[in-house]
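K.L.:
the following block contains a protein sequence and its predicted model.
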Amino acid sequence: MENALLVKLSRQMALRRELDVVSNNIANINTTGFKGGTAVFEEFLMPRASHGDFAGNDRKLSYVHDRSTWHDLSQGPVRPTGNPLDVAIDGKSFLVVQTPRGERFTRNGSFQINATGQLVTTEGYPVLGESGPIQFQAEDRDINISRDGTIAVPDGVRGRLRLVAFDNPQRLEKDGYSTFKAPDDMQPTPEQYPHVIQGSIEQSNVKAVVEMTRMIEITRHYTQIASLIQQHGDTRRTAIERLAEVPA
């Protein structure tokens, strides 16, 4: 297969990957604490060309290589809910929740109390405090969550939200709609200056207009390349047909 066709196909594969990322962003526009992503690509140079006669060294060919996904960790809009169990984080730290797969990190502060009195996420994952899961008593009322994450009721303190930060948060891996997983060699550090806002949640930071525009551009580019590939195939077919003609 000719290198020109391979270059076009590599670009189509990259566009398909980018479309998957954009589609996921659009699907989570209303997901609390969701952080958008952007596909990251780089140029991959072939060490040698496989066709053609060149006067000097073989000509280097550029392909598109899918490298990774970049996380947009910018602050999303903070929306008041009036629910005393909801919290939003002003800053770059994360909340810690316990899942069946281990500890995960999230910006989704939409919480509730389950049947056993534990503070949990909407998925039912226990929210971790500095001393473990946060447990309420049946008679607890007037819950107050202070700026530093301390959860108190008139009878006393029930715990303090565990807020952590990372030196390189781009290394975090998405593990759910709004949860992240840290690599084994990457440990969180306690947030020194927490800022928790009670009665509010952080909305998705995805900008609908921007993502829809990106989707249109990706679709247009993919269609253009498909047309070029079709033209390339038609040219080869015509050449083969003419070469096969027997002179009269």
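P.N.:
Sure, I can see it. What you are looking at is a predicted structure, and each value in this text was computed from that prediction instead of being measured.
K.L.:
how about low-confidence regions in the chain?
P.N.:
Judged by pLDDT under 70, the chain has its weakly predicted residues at 1-4, 41-68, 246-248.
K.L.:
which residue ranges form the helices in it?
P.N.:
Applying DSSP state H to the chain gives helices spanning 3-27, 208-243.
K.L.:
buried deepest among those helices, which one?
P.N.:
Burial of the helices of the chain is given as mean neighbour count (mean count of other Cβ atoms under 10 Å); helix 3-27 ranks first at a mean of 17. Bear in mind the C-beta positions are built from the backbone N, C-alpha and C, glycine included.
K.L.:
and the angle from that one to helix 208-243?
P.N.:
Counting by axes from the mean of the first three to the mean of the last three Cα atoms, to 10 degrees, helix 3-27 points 160 degrees away from the direction of helix 208-243.
K.L.:
what helices or strands is helix 3-27 leaning on?
P.N.:
Here helix 3-27 touches strand 37-46, strand 61-71, helix 208-243, going by 3 or more Cβ pairs under 8 Å, 6 or more residues apart in numbering; DSSP states H and E.
K.L.:
identify the bridge partners of the residue most central in space within the chain.
P.N.:
Closest to where the C-alpha atoms of the chain average out (Cα atoms, centre = their mean) is residue 37, at 4.1 Å. Beta-bridge partners of residue 37, counted by DSSP bridges, are residue 71.
K.L.:
contact partners for it?
P.N.:
Residue 37 is in contact with 21, 24-25, 69-72, 174, counting by Cβ atoms under 8 Å, 6 or more residues apart in numbering.
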